[in-house]
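Novice: Okay, predicted coordinates and the sequence, questions at the end:
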Amino acid sequence: MRGPARLFATVLAATLLVPLGAASAPATDKSGPCALDRVENETTRQWVKRVIRCAEHRWPVRGGAAKAICIAKAESGLNPKLVSADGTYVGLYQHLADAWPDRYRTWTRRVWQLDDRWGNGRTNTIVTIRMVNANGWGPWAGVGDC
């Protein structure tokens with residue numbers, strides 16, 4: 001076979017090999033911003049850094065992703081599930097536990113279908129970055145050497 005006939009045969013063969021209903025499935029089943037799956041052998045901390053970079057790219061903050069990562073590292077060691085010793089502060093950016101439900105409602109969108117728990121690194125990041133994008137780093141002023 002030559003030319004167009006070969007091309008047609010290749011396309012036809014490739015089409016027949018794709019199961020019905022398998023076309024255009026997303027890489028992730030999550031919706032909303034920064035729905036990043038973990039890559040093979042990626043640690044939680046590495047994944048959190050990617051999510052922070054993604055969120056900061058969408059909602060820029062003073063100091064950029066480097067500052068956002070620095071603050072998360074100072075607050076929680078990049079551990080999304082960290083709780084302060086007295087239970088007052090929670091998550092990646094150590095939000096006031098009592099304030100979390102209101103912050104979640106204010107800074108997320110229902111259509112994004114984000115997990116509403118403070119211990120979800122993606123949700124905690126998006127809430128924080130959106131807050132900082134709108135209002136600055138106020139609650140985190142003076143955190144670490146960031």
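Specialist: In hand now; what should we look at? All of these numbers come straight from a predicted model, not from anything done at the bench.
Novice: Apart from its neighbours in sequence, what residue is nearest K67?
Specialist: Counting by Cβ to Cβ, 6 or more residues apart in numbering, C146 is the residue found nearest to K67 once chain neighbours are left out, at 5.3 Å. C-beta: built from backbone N, CA, C; applies to glycine.
Novice: Please apply the same query to G77.
Specialist: G77's closest residue in space is R45 (Cβ to Cβ, 6+ apart), at 7.9 Å.
Novice: Same question for V127.
Specialist: V127 sits nearest to W107 (Cβ to Cβ, 6+ apart), 4.4 Å away.
Novice: quick one, strands of this protein?
Specialist: Taking DSSP state E as the criterion, the chain contains strands spanning 89-90, 95-96.
Novice: packing partners for the first one?
Specialist: When you say that, I think you mean strand 89-90. Identification of packing neighbours for strand 89-90 by 3 or more Cβ pairs under 8 Å, 6 or more residues apart in numbering; DSSP states H and E yields no helix or strand.
Novice: Could you pull out the buried residues of stretch 135-146?
Specialist: Neighbour-count burial for stretch 135-146, with 16 or more other Cβ atoms under 10 Å as criterion, is recorded at 137, 139-140, 143, 146.
Novice: Not counting its own residues, what contacts it?
Specialist: Residues outside stretch 135-146 that contact it (Cβ atoms under 8 Å, 6 or more residues apart in numbering) are 61-63, 67, 70-71, 73-75, 93, 131-132.
Novice: contacting residues for the nearest residue to T123 once chain neighbours are set aside?
Specialist: By the measure of Cβ to Cβ, 6+ apart, the closest residue to T123 outside its immediate chain neighbours is L114, 4.6 Å from it. If you count contacts by Cβ under 8 Å, 6+ apart, L114 has them with 32, 104, 108, 120, 122-123, 126.
Novice: Which residues are in contact with the residue nearest to R122 when sequence neighbours are not counted?
Specialist: With Cβ to Cβ, 6+ apart as the measure, V51 is the residue that lies nearest to R122, at 5.2 Å, once sequence neighbours are left out. Taking Cβ under 8 Å, 6+ apart as the criterion, V51 is in contact with 34, 36, 121-122, 125.
Novice: What ranges does the chain have for its helices?
Specialist: Under the criterion DSSP state H, helices of the chain are mapped to 3-17, 44-58, 64-76, 100-107, 121-135.
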